[in-house]
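**Q** below are the sequence and a predicted model for it; my questions follow.
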Amino acid sequence: MRHMKQVNVRRLHEQTGAIVDLAARGNVVTVVKRGRPVAELRPISTDEQAKTLPDRAALLAKYPQLPCDSGRFLEQDRS
């Protein structure tokens, strides 16, 4: 990763696209408001980009099917 850069809120507002491109190229950009760091803009690692959601049907297949409405099942369980 390259060295960290700082931008104030006004510059971020005026040059958002360029600053996002800077972060996408591997830079960490710290957003400063009134001289205090308030946020960081950093590239997403390739590990995070590769994450996908699990297959919903396969996940639901792991659980047993209830013979009735789940609300009724919970109501009977609480009684």
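**A** Looks like it arrived, so ask away.
**Q** mind checking which helix or strand E40 is in?
**A** Following DSSP states H and E, one finds E40 within strand 36-41.
**Q** now do that strand: which elements does it pack against?
**A** Applying 3 or more Cβ pairs under 8 Å, 6 or more residues apart in numbering; DSSP states H and E, we find strand 36-41 packed against helix 16-24, strand 29-33. Backbone N, C-alpha and C define where each C-beta goes, glycine included.
**Q** got the angle between the shortest one and strand 36-41?
**A** Taking axes from the mean of the first three to the mean of the last three Cα atoms, to 10 degrees, one finds that strand 29-33 is oriented at 150 degrees with respect to strand 36-41.
**Q** quick check, pLDDT for the residue nearest to R42 when sequence neighbours are not counted.
**A** Leaving aside its chain neighbours, R42 sits nearest to V28 (4.6 Å; criterion: Cβ to Cβ, 6 or more residues apart in numbering). Among the per-residue scores, V28 shows a pLDDT of 93.
**Q** can you check A57 too?
**A** 89.
**Q** measure how buried L74 is and give me the count.
**A** L74 has 11 neighbouring residues, counting by other Cβ atoms under 10 Å.
**Q** quick one: pLDDT of it?
**A** On the pLDDT scale, L74 gets 76.
**Q** residue numbering should commence at 3 henceforth.
**A** Understood, numbering begins at 3; the last thing we discussed is L76.
**Q** please, which helix or strand holds it?
**A** Assigned by DSSP H and E, L76 belongs to helix 72-80.
**Q** other SSEs contacting that helix?
**A** Helices and strands touching helix 72-80, by 3+ Cβ pairs under 8 Å, 6+ apart: there are none.
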